Each structure stands twice: as C-alpha cells, then as structure tokens.
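Peer 1: pasting the sequence and the predicted model now:
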Amino acid sequence: MSVSLYSGKVALKLLLLQLMTFVLLSAVFSLNSIHAAVSALGGGLSAWLPNILFVLFALLHQSHKPVDGKVAWSFAIGEALKVFVTIALLVVSLGVFNAAFFPLGLTYLSVLVMQIVAPTVINRYRN
C-alpha cells in the first residue's frame, strides 16, 4: 500500500474497509465454529496490522521536500517491516494458536484483495 499516493484520509478509509472485511468474514465463519472465526480473525489481523504499521511509518517519514533517495529508502524499510511483521503474525496464528488454514488464508487474501480494489473504488467516488 503506497501511502505516498494517497492522503491520510484515503489511507484511513482503506484501513477501515479492510477492518470491516475481516470482521465480517470472521462473523460469517463464526456460523461454522468458534475455531474458524478465531482463525479468520487471525488471518485478517495478519494482513491488517502490518498495513497499519506501514501507514504510520510512511506518515511519520513523509515530508513536503523529500531528499533524493529518502522516499525510496523509507518505502523499502516500511515494506520490509511490513513483510517481517506479516510473517511473524502468520507463524503465531498457525503455529502457536493452531488456526485452521482455510479461514485464515481466505480472510488474509480477502484483506489483500481489498487493499488492491478499495483505492480504485474510493477514487472513483471521490471525483
């Protein structure tokens, strides 16, 4: 999620849409079992929390006069942080909490798809 392309308000809307996505999917999986709902919640959090960290990191390092190379390095560091946190959360969800793979994976992928689709929808209604 490249926050440099979006304002803080658009990034907040995107994060709220992602939150609604995995909470809704967790509620749907709760009709099956509590274990599936918790697994879906773990998958959603594994995608959503790193995005929050990336947005906070990007907004903290955003400046009006970027120094040559500073934008690229801050983006690379933010993405690396996001990847490591995502892997750690998925390992904890699958390894420690023995989450069911299907609800976790489906919710994780749904949040990622929302990350791609939502900016297009938000920009369409913004204009």
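Peer 2: Good, I have the coordinates.

Peer 1: and the gap between the residue minimising distance to the centre of the chain and residue 112?
Peer 2: Most central in the chain under CA atoms, centre = their mean is residue 48, positioned 3.0 Å from the mean C-alpha point. Using CB to CB, to the nearest Å, residue 48 is found at 10 Å from residue 112. For every residue, glycine as well, the C-beta is placed using N, CA and C.

Peer 1: do the same with residue 118
Peer 2: 11 Å.

Peer 1: may I see the buried residues of the helix or strand hosting residue 24?
Peer 2: If you go by DSSP states H and E, residue 24 is part of helix 8-30. Buried residues in helix 8-30, defined by neighbour count with 16 or more other CB atoms under 10 Å: 10-11, 13-15, 17-19, 21-22, 25-26, 29-30.

Peer 1: now those as a markdown table including pLDDT and distance to residue 71?
Peer 2: Listed next are these as a markdown table, based on pLDDT from 0 to 100; distance: CB to CB, whole Å:
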| residue | pLDDT | distance to residue 71 |
| --- | --- | --- |
| 10 | 81 | 18 |
| 11 | 84 | 16 |
| 13 | 87 | 23 |
| 14 | 90 | 20 |
| 15 | 92 | 21 |
| 17 | 93 | 26 |
| 18 | 95 | 24 |
| 19 | 96 | 27 |
| 21 | 95 | 29 |
| 22 | 95 | 30 |
| 25 | 97 | 34 |
| 26 | 97 | 36 |
| 29 | 97 | 39 |
| 30 | 97 | 42 |
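
Peer 1: which among the residues you listed gets closest to residue 73?
Peer 2: residue 11 (20.0 Å; CB to CB).

Peer 1: if we can go back for a sec, can you tell me the element the residue nearest to the centre of the chain falls in?
Peer 2: Using DSSP H and E, residue 48 falls in helix 34-60.

Peer 1: any idea how far the closest residue to residue 27 other than its chain neighbours is from residue 54?
Peer 2: The shortest distance from residue 27 to any non-neighbouring residue, by CB to CB, 6 or more residues apart in numbering, is to residue 37 (7.3 Å). Between residue 37 and residue 54 the computed distance is 26 Å (CB to CB).
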